[in-house]
Every structure is written in C-alpha cells, then in structure tokens.
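> Just need the structure, nothing else, for what follows:
(2 chains)
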Amino acid sequence: MSTAKRFNRLELVQQLEQLPTISTSNSSQSLEEHDASYWMTSADTDRRNGQYDNALRHYSRALELDRSLVPGWLGQIQMLILLEEYPEAELWARKALELFRNHPGLLAGRSQAFCRTGDLRQAQALCDVSISQQGQTAYCWVARGEIMLARRDPVEQYCFDKALQIDADWLQNLEIAAIYLHYSLPAKALIHCRSAVEKSPAHPYCWYVQGSVELTLSLTRPAENSFRRCLELKPNHADAHRALGNLHKGRGFFSRLLRRHT
Amino acid sequence: MQCASCQFENMPGSQLCGRCGTSLSLSSTTIDIHPPRAGRWTKRVRRLTPKIPVRSPATDALRNFSDRATSALNIRLSDSTPAFPLLARIFIPGWPQLFAGSRILGRFFLFTWVSLLSLWLLFFYGTTIGSMLLGLAFSTHSSSVADATNRILEPVSMRRRMFYSICTSALLFGLLYLPASRILFRYAEPVVLQLTLPPFQPGDVVLINHSAFARQLPQPGQVVLFTPPDYRIGGTGHNYTLYTGPRIDRILAGPRDKVRWSHHTLFLNGVPTLFTPLNPTVLPPSFECTVPAGVYFIVPSATPILARNTDSATLLGMSYIALENINGTAYLLSHPLYRLKALH
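Okay, here's the model as predicted:
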C-alpha cells in the first residue's frame, strides 16, 4: 500500500482538504512583499497586545526594509526597556543616536534606559536635551515623568499629564501604569489603567493589565472581574487564564499577603 | 542628497545632515538593525544586583570608589525629601531610607535588624551571644538613624558627622532602647542558672514576670522566683552551711493553710492536690504544718546541697516566705531551645 493510500482514510486529511490551500512558497513570498509600514503596523499591534518580543522582532523587520524609520529604532528601544533589558536599550539608543543625532524620541529613550539603570544624572541631562529639541513627543514627557518618579519628585504627575495632552492614546496610559508598577506604586498605576479601560473598553490587554494591577493591590474581586472581561473579549488569552487560575488557587490570607509583597 | 530624517537637501558628499545632523550614509553602509538581547539568567541576575552607575573610566572609578559606593546606595535620594517625615520614621530601621527612596539601603537595614532581633529573641535571649546580637541590632538601628540625620543635616566634615552619629545613638538608646528594655524585662526578665539545681541545668534561662503580682496575690501552684531569708545550719565556729540567694520553686500553700505531705501527695486543708516542689526528692517522707499568716509555703527544693536527710524542722523553717520576698512568676524555660518548657 502506498503512503498516499494509507493516509487517505484519516479524518485529518478530509479536514485539511476543507481548509483553503496555502502554499508555503507563496506565503514566504507574500511576507517578503510586505513593506516597512506593514511591519510597523504589525509591531504596533503586538505592542498593544503586550507581546513585546514579537513587537521587537517586527520593528527589526521594518528596519530591514527601511533603515531611516526613526519610529522603528525608537520602538526597538522602548521594547527593550519594557522587556527589562536596560543596558541593551541604552546601547541601542546610543547607536540610533549616532544615525539620528539629537532626535528627541531617541534621546528620551536613552534617558529612560539610564534612569532604569540608576544613572539619574545622565538620564536628567539627556531628558533636558530631548525636551529642548524641536518636535518633542509624548514619550519625552513620559521619560521625564519617570525620572521625576525615580527622584521622588512629586511633579511626575504633571509630566505624565503633559504626555497625555500630546497623545491621548490608551497605550500611553498603559505604559505610564507600567512605569508606576516598576516603581512599586500600584495605586497610581491603577488610575491610569482605569483611564485606558475607559478609552478602549473593547481591548482585552487593557483589562488584563488592570486585573494584574488590582491583583497587586490585593483587590481580588475586581481583579477577577477584569480577567473575566479580558477573557470575554479574547477567550484564548493565556495570561488571563493563568492569572485567573492563580487567583482561584490562593484566596487565603497568607496567599494574598505573599502576593502583595512579592 | 536628501536627509532621510528631515528631508533637508544637503550638499553632495556630506556625511551628516546640515539641519538635523543625521548620518547621510544610512543607505550606503551596512547597519545592524537587530538589537542585542539579554539572556534569561542575565536578566535574573540584574534584578537581584543593585544598580551601580559606572560612568567614568577605571582610574576615576578607583579614585572615587567610596563616594560612588555611597551614591549607589543613595541613588534615589531626593534633595526635596522633607525632614519631618524622615525623622518620624527613625523608630524603625530602614524606614527613613525607604521613604527617601534608597530601597537597597532601607531593606538592608530593616532585614538585618529584624534578623538579629529575631535570632536574639527566639534562640539566644538571656545569653551572652544574645547580648551580642542585641548590640548588633542596636548598631544597625543606630546606623539607620545616623544616616537619616545626615540626610537632613548634611554635615560636611567627618568630625561633625561622627558627632551627630554619637548624639543620635545616645538619644536612640535613651529614648527607645532603655525604656523598651525596662518594659521587656518587667514582663520577661531572663534569669540564667549557673548550677545543677534539679530540674534545671547549668546555662538554662528562665523567664520571670515581675508584674504578675501587681494586681493579684500569689496562688498555690504557681512557680515563682523568691528570696528566702538567709538560713544557717549547724556546725560550730566557721563550720556551718549558709543557704542564701534567690530560688525558683512552686508555691505549695498560702497563708493559714494546713499542709500535709504524705505518700508523695500534698494535702492542702485536707484536700489532696497535684502540687509538688520542682525537686520533690528533697522532701522528708511525711510532714505536717500550718502556714502562719502573712507568709507563703514554698519549699526551696531547687537548692544546692540540700541533703535529703535535712530534718523537717529545718526544711520548714526555710519554707515560710513573706509576700515581699516573692519577686515574680517563673513561666518559661526558654533556653536552650530543645529544653523549651512552660513552668506550671
């Protein structure tokens, strides 16, 4: 019996026949045909879903096609920071600044990387330069807010508000919340998470981040609601499934206490 | 040549954009566009290690090592940290530092202090090692307070810094540790036993509560620390036995109680009880007495060289203890830990 005849009886084959035929060579060819803007959009989508590794990869794909894309370089730096790879982010920002001197976004990225490594003096200097440049972006103010936060300066809220005035996208709120979380201020992070949810209630990642922050604050019931809402919007959200499972596992006093302080 | 960043038209042959300074050789040179990545373990190690800024060359780093080590611990210190909230937090080591943003230093102080105090209280309370641990805990707290004071007052010279440190240590001792130790010792004074006094062994630490009889009178059955009157037995000239010093034993009967010891059972006013001295082997086979008013009947059975053949009259003479000579209840044999036992 030939191989083809042997596998003809399997149901799998029938199912596969029902699916539209996708040629591997065609798909790889179509991927190559995508332009830089496609990869930038793809990276942005991944970023909005919290898939920072994928976003970083897609920013690199965009830069492969167009190396003059400053948002691509900036996106890479921001992804490295969000992935907690600060020395790498600083190195990459320095490299990008060699190509695009005094670009405010790249300066802000390097400043944020310095801030995360603990070098506040350098971070402050770079942030000052980035804000003094023409064409400042919301990210410059986010970086400045982070430096203020690291210095325990209460004007950080003003900087974040300024960033939100320039760009009121819900992603800004979520990334500000991530900064607050990095500095162990979940109560302030929750405010921005709620703003993000108000702005984009149909996006599952907002609900997931809000749930995570609520969990950090030991608000188990609201956290559970947020994770459930996230799963309603995206039923295969693995992180929300895991978080909800963990939530059901440890409901005792000590579980909550440990969760709060770990 | 048009700049890729700002679209400015530059002179041919220029390396950098005349307006924004962007490299004009972006399209001609090979540029790596894949960023370096940190490994999983590298990230873990980075999370655990403190963030020490290293900016200057190696020679400068060596020259300014101590300064930068200090700054590494104080990286989050803000110039605008208010003085009063910082001072209000000096009672818990590390709290001012955590408030000022120096998390590493704050956690170090807090963790060290809590560890030392826990070790002292749980395992070495009342012992020499315990005293050393307490001293180290006090030093840690004192360092934390001195650091907080230096942050507020910002002394320039080392002499002034030392002066502030000594003053803060003295104040900390006077205002916090001395009153706290007095309160603690009122409720749990450790008494270290030096001799083999059944049921105790040398090195045992027994905790005494001095405030036990502040509101209520001693009750039969309680184990107490008491000071019996000096008792001299027999001998002529210099050959006599003198029983002196505080003892730990059980109150067997109160004032005016009728006591009868027979067949290893104590009858109190004719009723059999389970009360026995801590070392019942020193008691005579039987005796009977009535406790006079104003005194308690406590047989000092945990007394060295109290021979078994001591006559009943002598033993009873040593056993009438006035209320003012009962110093407190002995409630716990706390050290060594494997002999931990409640005394009741």
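
> what's around the residue in the stretch 101-250 of chain B that chain A sits nearest to, how many residues?
The nearest approach of the stretch 101-250 of chain B to chain A comes at residue B:101, 4.6 Å away (Cβ to the nearest Cβ). For the C-beta atoms, the positions are set from N, CA and C on the backbone; glycine is no exception. Burial of residue B:101 is recorded as 19 neighbouring residues (other Cβ atoms under 10 Å in any protein chain shown).

> and if you look at residue B:340?
10.

> Same question for residue A:66.
A count of nearby residues for residue A:66, using other Cβ under 10 Å, gives 17.

> Give me the neighbour count for the closest residue to it other than its chain neighbours.
For residue A:66, ignoring the flanking residues on the chain, the nearest one in space by Cβ to Cβ, 6 or more residues apart in numbering or on different chains is residue A:36 at 4.0 Å. Here the number of neighbours of residue A:36 (other Cβ under 10 Å) works out to 19.

> Show the contacting residues for residue A:36.
A:62-63, A:65-66, A:69, A:72 (Cβ atoms under 8 Å, 6 or more residues apart in numbering or on different chains).

> Could you pull out the buried residues of stretch B:132-148?
Going by neighbour count (16 or more other Cβ atoms under 10 Å in any protein chain shown), the buried part of stretch B:132-148 is B:133-134, B:136-138, B:140-148.

> how far away is the residue nearest to residue A:66 from chain B?
Residue A:36 is 11 Å from chain B, where distance means Cβ to the nearest Cβ, to the nearest Å.

> Low-confidence regions, the stretch 51-200 of chain B specifically.
B:51-83, B:155-156 (pLDDT under 70).

> swap the cut-off to 90 and go again
B:51-91, B:95-106, B:121-128, B:146-165, B:168, B:191-200 (pLDDT under 90).

> ranges for the strands of it?
Per DSSP state E, counting those that start in this stretch, the stretch 51-200 of chain B carries strands over the ranges B:189-192.

> Quick check: the farthest pair among the contacts of residue A:36?
With distances taken as Cβ to Cβ, the most widely separated pair in these is A:65 and A:72, at 9.2 Å.

> Pick out whichever of the two has more residues nearby.
A direct count of neighbours by other Cβ under 10 Å for residue A:65 and residue A:72 places residue A:72 higher, at 25 against 17.

> what residues are up against that one?
Counting by Cβ under 8 Å, 6+ apart, residue A:72 has contacts A:36, A:40, A:43, A:59-60, A:62-63, A:66, B:33.

> Name only those of these that count as buried.
A:36, A:40, A:43, A:59-60, A:62-63, A:66, B:33.

> Narrow those residues to those in helices?
A:36, A:40, A:43, A:59-60, A:62-63 (DSSP state H).

> and the gap between the residue nearest to residue A:66 and residue B:1?
As for residue A:36, its distance to residue B:1 is 21 Å (criterion: Cβ to Cβ, to the nearest Å).

> returning to that earlier point: mind putting the buried residues of stretch B:132-148 in a markdown table, distance to residue B:198 included?
As requested, the buried residues of stretch B:132-148 are exported to a markdown table (distance: Cβ to Cβ, whole Å):
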| residue | distance to residue B:198 |
| --- | --- |
| B:133 | 30 |
| B:134 | 31 |
| B:136 | 35 |
| B:137 | 35 |
| B:138 | 37 |
| B:140 | 40 |
| B:141 | 41 |
| B:142 | 43 |
| B:143 | 45 |
| B:144 | 46 |
| B:145 | 47 |
| B:146 | 49 |
| B:147 | 51 |
| B:148 | 51 |
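
> Is any residue of the strand or helix carrying residue A:90 near chain B?
Under the criterion of DSSP states H and E, residue A:90 resides in helix A:86-99. Yes. Using Cβ under 8 Å from any Cβ of the partner chain, helix A:86-99 reaches chain B at A:86-89, A:91-92, A:98-99.

> hmm, back to that, nearest to residue B:245, of the contacts of residue A:36?
Nearest to residue B:245 among these: residue A:72, at 86.1 Å, using Cβ to Cβ.

> any idea how far that closest one lies from residue A:43?
8 Å.

> overlap in contacts of the two?
Listed contacts common to residue A:72 and residue A:43 are A:59, A:62; contacts here mean Cβ under 8 Å, 6+ apart.

> so residue B:265 makes contact with residue B:272?
Yes. Between residue B:265 and residue B:272 there is a contact at 5.3 Å, judged by Cβ atoms under 8 Å.

> what sits opposite residue B:207 in the beta ladder?
With DSSP bridges as the criterion, residue B:207 is bridged to residue B:190, residue B:332.

> Let me see the ranges of the helices in the stretch 151-262 of chain A.
A:156-166, A:170-182, A:186-199, A:204-216, A:220-233, A:238-249, A:253-261 (DSSP state H, counting those that start in this stretch).

> Next, the angle helix A:204-216 makes with the fifth one.
Relative orientation of helix A:220-233 and helix A:204-216, computed by axes from the mean of the first three to the mean of the last three Cα atoms, to 10 degrees: 160 degrees.

> Look up the closest residue to residue A:115, ignoring the ones flanking it.
Sequence neighbours aside, residue A:123 is the residue nearest to residue A:115 in space, at 3.9 Å (criterion: Cβ to Cβ, 6+ apart).

> Name the next helix or strand downstream of the helix or strand that contains the one you found, please.
Following DSSP H and E, one finds residue A:123 within helix A:120-132. Moving toward the C-terminus from helix A:120-132, the next helix or strand (DSSP H and E) is helix A:138-150.

> quick one: average pLDDT of that next one?
The average pLDDT for helix A:138-150 rounds to 93.

> I'm done for today, thanks for sticking with me.
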